[in-house]
Structures are given as structure tokens and as C-alpha cells.
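**Student:** I'll drop the sequence and a predicted model, then ask my questions.
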Amino acid sequence: MDFEDQKLGATLILVVDDEESVRHLLRQVLESAGYRVQEASNGIEAIEAFNREPADLVIMDIIMPEKEGIGTIIELRQTHPDIKIIAISGSGEESPYLMIAKHLGADYILDKPFFPDELIDTVQKLLKK
């Protein structure tokens, strides 16, 4: 394993989505690219997981039960202003939800469905900043 592989393996990404199938797919894509992945099904679980082990990047669904993504983004941004956040939603890229997420702290937005390569490219760009 070379240095770059070690660096990627140490990178933790928190995937937050209420749909188990989406979390599973994102985990597969990210792990195949060499990242460690932690999962949460809503904002409450996301904050708990982040407090246990802070992630380098968070992929946050916007519309979820119990605690939705926008409030979770705001909370993460207040406590960890440098965290990289990708907001995802199936409500359309021009969706007011994604636009609000971008305005309130998401570094990047992706409309579901998106291609795996698009996700990996976005993750790599954000982690290099």
C-alpha cells in the first residue's frame, strides 16, 4: 500500500440518508474508491455518529424523518465550520431544498440520481481544498 492509499483509507465519510438502499449504494461506491464510511439514517443519528468519530466529509440527504438535512447541516456547520458537506436530494437540482442547503452551508449539491463517478469526483475535489 502506497502513501496515497494510506491517506484515502484514513479518510472517513459520513453518509446520511433515510433510505437504506441509497446508503448501501453510496457505501459501496465510496469504499471501492478507498474511503472509510459511516452511516446514519437521519440527522439525529448523524450528529451522534459525528460526535463519536468526526468525519472528514458528510454526504447529507435533505428530506428525512425525525431530523432533516438542512437543520443537521446548520448544526454541523456551527460546531465544525471546516467540515466538507455534500447535500443530496431527489427533488431536482433547482429544488428550493438544495438551494437552501447550499446557502446554509453545503459545499456542493447533487441531485439524485447521480453517477458514481460524479460523486467520487466531487468528494475528491472537496477533500483537496
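**Tutor:** Looks like it arrived, so ask away. Numbering: from 1, shown residues only.
**Student:** where's the residue nearest the centre of the chain relative to K125, distance?
**Tutor:** The chain has I59 as the residue nearest its centroid, 0.8 Å off, counting by C-alpha atoms, centre = their mean. I59 sits 14 Å away from K125, going by C-beta to C-beta, to the nearest Å. Every residue, glycine included, has its C-beta placed from N, CA and C.
**Student:** that's a helix at the residue nearest to the centre of the chain, yeah?
**Tutor:** No - secondary structure of I59, determined by DSSP: H, G, I helix; E, B strand; the rest coil: strand, with no helix assignment.
**Student:** Sketch out the low-pLDDT regions of the chain for me.
**Tutor:** Applying pLDDT under 70 to the chain flags residues 1-9, 91-94, 129.
**Student:** how does it look with 50?
**Tutor:** 1-7 (pLDDT under 50).
**Student:** Quick one: the strands in it, in order.
**Tutor:** 12-16, 36-40, 57-61, 84-89, 108-111 (DSSP state E).
**Student:** would CSV of the ones you listed with distance to A46 be doable?
**Tutor:** Below are the strands of the chain laid out as CSV (distance: least, C-beta to C-beta, whole Å):
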stretch, distance to A46
strand 12-16, 4
strand 36-40, 4
strand 57-61, 7
strand 84-89, 11
strand 108-111, 17
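**Student:** quick revisit: need the contact list for the residue nearest to the centre of the chain.
**Tutor:** 13-17, 26, 85-86, 88, 119 (C-beta atoms under 8 Å, 6 or more residues apart in numbering).
**Student:** All good on my end, thank you.
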